[in-house]
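# need a 3D model of the sequence below.
(one chain, ligands or ions: 1)
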Amino acid sequence: MATVLEKSVEMQGARSMGHMALHYKNKEEGPLAARLLTMLGYELTQDLLLPNGAHFYRFVVDPKHSPRGDGIVYLSLIPDAQRDLMDAIHKALDVGTDHEHAAVVAMREKMDQDPEYSFHYGTLLESLEDLEAIFLALEDANQNDPELKGRLRLVYNRALPGNPDVDARLDASPIYGGVTRYAYGKNGVQAFLETDLLSSGILGETMMLEFDYVFPGYDRHVLSIVEWE
Ligand SMILES: [Fe+2]
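Residues are numbered from 1 along each chain as shown. Next up, the predicted model:
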């Protein structure tokens, strides 16, 4: 039976997702992390050099958010106490050794199978061509960019099959043509970027960023109805 939840406050205005706060892991890699976010289509609106020599960046996912309080991605250096906690966790669980704690090994296996297994956030693009161009550039950077080579893991999910128009467009796609993974829904696609430039999650080793596109004209799509099977 579906759960029914009632609002405790009678809302008078609209709401939206406000901001995400991302952390890069190494002080000297701030500019590189900022360059990566720019490659994702985000627009840099502020680059503040802090007294400790680390950059604090404000990005917006679309220029329309520039003067607003939503659609923002902040990017800053991981705070010292958080880094120290991560280091302590790594030591305690033998992370990165050949005898990692069994729970770490199990989590890695799950993350390898499903990029949405743990914390992540998604950015919606309104052009599939934009998504394809961004990820073709990331694929190239992961092979050839002197600073980014080998630091990007890219995973793609096609729309569940069954819509001939969508299936034909994806078959012809330079990104999705050969993909055999599927999203939990129809009429939309997902692209994932995992990078060790950024820290998130329980072990703080990487961050997973999702990019989505929904084919127009369908009420039932991957981001409106989750389909399990
Ligand atoms: Fe997701």
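# which neighbouring elements make contact with the longest helix belonging to the chain?
The longest helix of the chain (DSSP state H) is helix 128-144. Using 3 or more C-beta pairs under 8 Å, 6 or more residues apart in numbering; DSSP states H and E, the elements in contact with helix 128-144 are helix 30-39, strand 152-157, strand 188-200, strand 206-214. (C-beta placed from N, C-alpha, C; glycine too.)
# nearest to N163, out of those?
When those are compared for distance to N163 using C-beta to C-beta, the nearest one is strand 188-200, at 10.4 Å.
# the ion contacts on the protein?
By the rule C-beta under 5 Å from the ion, the part of the chain lying against the ion is E116, G122, E210.
# so what's the second one up against?
In other words, G122. For G122, the contact set (C-beta atoms under 8 Å, 6 or more residues apart in numbering) comprises Q190, E210, F211, D212.
# tell me the most packed of those, by neighbour count.
Q190 (24 neighbours; other C-beta atoms under 10 Å).
# tally of neighbours for the nearest residue to that one once chain neighbours are set aside?
Closest residue to Q190 apart from its sequence neighbours, by C-beta to C-beta, 6 or more residues apart in numbering: N157 at 4.2 Å. N157 has 24 neighbouring residues, counting by other C-beta under 10 Å.
# kindly state the pLDDT recorded for N157?
Note for N157: predicted pLDDT of 97.
# again with I78
pLDDT recorded at I78 is 98.
# could you measure the residue lying closest to it once chain neighbours are set aside against the ion, distance?
With sequence-adjacent residues excluded and distances taken as C-beta to C-beta, 6+ apart, I78 is closest to H23, at 4.0 Å. Separation of H23 from the ion (C-beta to the ion, to the nearest Å): 20 Å.
# beta-bridge partners for H23, please?
Beta-bridge pairing for H23 (DSSP bridges): S76, S199.
# chain center to stretch 59-69: distance?
Remark: stretch 59-69 is offset 18 Å from the chain centroid, using C-alpha atoms, centre = their mean, to the nearest Å.
# and that stretch, C-alpha only, in PDB?
The C-alpha coordinates for stretch 59-69 follow below in PDB (Å, rounded to 0.1, in the frame of the first residue of the first chain):
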ATOM      1  CA  PHE A  59      29.400  27.200 -10.200                       C
ATOM      2  CA  VAL A  60      25.800  27.300 -11.600                       C
ATOM      3  CA  VAL A  61      24.400  24.400 -13.600                       C
ATOM      4  CA  ASP A  62      22.800  26.900 -16.000                       C
ATOM      5  CA  PRO A  63      23.500  30.700 -16.600                       C
ATOM      6  CA  LYS A  64      19.900  31.500 -15.500                       C
ATOM      7  CA  HIS A  65      20.900  30.500 -11.900                       C
ATOM      8  CA  SER A  66      23.800  33.000 -11.800                       C
ATOM      9  CA  PRO A  67      22.000  35.600  -9.700                       C
ATOM     10  CA  ARG A  68      19.800  33.200  -7.900                       C
ATOM     11  CA  GLY A  69      20.000  30.900  -4.800                       C
END
